[in-house]
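Novice: Pasting the sequence and the predicted model now:
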Amino acid sequence: MAMEVAIYDYDLDETISVTERVQSVSIKETIDGSASIDVAVINLYETHAMSDIAVTYKGAAIFVGVIEDQTDELRGGAQLYRFSTWKGTDRSLKLQNRVVNRIYENKKAADIITDIFTRYPCGITLASNVGANTPLIERVDFMYLPLIDCVQQLAEITGYRWYVDQDSTLHFFQTDEGTGSTVFSTTTAGGLTRNIHKDTINLTTEINDKTANRVWVIGSQSSSPNYTDQYWTGDGRNDIFTVAFTPNYPEVYENGVKKTVEVDKGSPSDKDYVYGKKDKYLKRVAGPLPNGVQLHFRYRPTIQIIDYFEDAVSIRKYGIYEKAVKDKQITEKMAARARGRAELKRRSSKVRTMSFETLDHNVKRGLKYRVVIPELDVDSYWLCKSVTTTISAPDTVNVTKTVEFEEVTS
């Protein structure tokens, strides 16, 4: 049989060929996320959730991953048989198994990824294109985040795309990984090969929440990098002083002499001063500030990271389409700016996507391809966002491939 399906069962500690039991296989490979698989099998009497699964077609691996879920039914009326459905995820699942606790400053995205994968090995290697010239990130905080969330966050900040292939290799690239040799066409004019099922074409032009020519980026609340200074002169009566902003990293001085300070815990303190973050105050523990004494409170105020970017040409042409991106992982201005630029690049113009079934199976996610459909006035390059392979196998193996493309605008 051209298709082979095998699982490795950890409980049984053995590799099992289940090809003869397979009724159908559907695999969806995407960029910007994980590939998934659905498999229908009959008359297998074990539970194989969390088993490894590998699917090959004509000798080449087309999916390697893990069965995450198994559903069993009884079918057949008088003569019952067990019908099982497996749902699984590709090797990117390994990225969920490690938790990262690191802060990076003034490093390129590729250097951050390389360092993370060195410190937190998970069985995923890096493709050669990860070492390409990636943007500089001023600061990014990964506070006990799954490794897969770190990769996704770096992709969002830089505008890059990513996926994990069948060889457990992470791909991380800006726009595409090159140009595929296949031309997808509905015509034979000019020596082309007709390899698109015309009646499966779906061309969509989106002007909705995915389109924006002005992008607001709202990050987390964090400490300003700059200090604020407040001064009071004692009158012998007041021991509590109102603070203009929520204080961080406080310093207190009386007539230039540094005093001790801590956050108000609601209990007696052995410090000279306590301060409240929520109610924004500074309190002298020993009582009112003596008459004529100068009090100096120096601190870094809490600020909300907010920035916006716009495409003036697009605004003049289409009017304003605003989009707000909220991400608590953005803790400083440069990260907000990088995220804003990336979002604007993705969203500032009309987005055209297309899907169809193809007769030519030589297609790979991450590559861009020339698509020629004269009936829709299409002759341009499109990025392959996903490939869905559907295999039916009860008697003879029948394979169909459905591709999803996004038009390359630059």
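Specialist: Cool, the structure landed. Quick caveat, the model's predicted, so the values are computed rather than measured.
Novice: Tell me who's in contact with the closest residue to F173 other than its chain neighbours.
Specialist: Leaving aside its sequence neighbours, F173 sits nearest to N129 (CB to CB, 6 or more residues apart in numbering; 5.3 Å). For the C-beta atoms, the positions are set from N, CA and C on the backbone; glycine is no exception. Residues near N129 by CB atoms under 8 Å, 6 or more residues apart in numbering: H171, F172, F173, E177.
Novice: Can you spell out which residues form a bridge with the second one?
Specialist: Beta-bridge partners recorded for F172 (DSSP bridges): W162.
Novice: in this protein, which spans are helices?
Specialist: With DSSP state H as the criterion, the chain has helices at 109-119, 147-158, 312-318, 333-347.
Novice: Pull out the buried positions in the second one.
Specialist: Meaning helix 147-158. Using 16 or more other CB atoms under 10 Å as the test for burial, helix 147-158 gives L147, I148, C150, V151, Q152, Q153, L154, A155, E156, I157, T158.
Novice: Can you report how many residues lie near G178?
Specialist: Counted with other CB atoms under 10 Å, residues neighbouring G178 total 11.
Novice: That one and I240, how far apart?
Specialist: Going from G178 to I240 by CB to CB, to the nearest Å gives 66 Å.
Novice: who touches the closest residue to T302 other than its chain neighbours in this structure?
Specialist: In this structure, T302 finds its nearest non-sequential neighbour in T246, 3.9 Å apart by CB to CB, 6+ apart. T246 makes contacts with K277, K278, K280, P301, T302, as judged by CB under 8 Å, 6+ apart.
Novice: Mind checking which of those are in strands?
Specialist: P301, T302 (DSSP state E).
Novice: ok, so of the contacts of T246, who is nearest V41?
Specialist: T302 (55.8 Å; CB to CB).
Novice: Who does the closest one form a beta bridge with?
Specialist: S223.
Novice: before we move on, what about T402?
Specialist: Where T402 sits in a bridge, its partners, by DSSP bridges, are E357, T388.
Novice: Mind picking out the helix or strand in this protein with the poorest mean pLDDT?
Specialist: None of the helices or strands of the chain scores lower by mean pLDDT, DSSP states H and E than helix 333-347, at a mean of 64.
Novice: What separation is there between the residue nearest to T302 and S269?
Specialist: Per CB to CB, T246 is found 19 Å from S269.
Novice: pLDDT score for the residue nearest the centre of the chain?
Specialist: The residue lying closest to the centre of the chain (CA atoms, centre = their mean) is Q152, at 2.5 Å. Q152 is assigned a predicted lDDT (pLDDT) of 91.
Novice: State the distance from it to D199.
Specialist: 36 Å.
Novice: can you check M143 too?
Specialist: In terms of CB to CB, M143 sits 51 Å off from D199.
Novice: Please say which of the two ends up with more neighbours.
Specialist: Neighbour count, other CB under 10 Å: between M143 and D199, M143 has more, with 11 against 7.
Novice: For that one, which non-adjacent residue is closest in space?
Specialist: Per CB to CB, 6+ apart, closest to M143 is N101, 6.3 Å.
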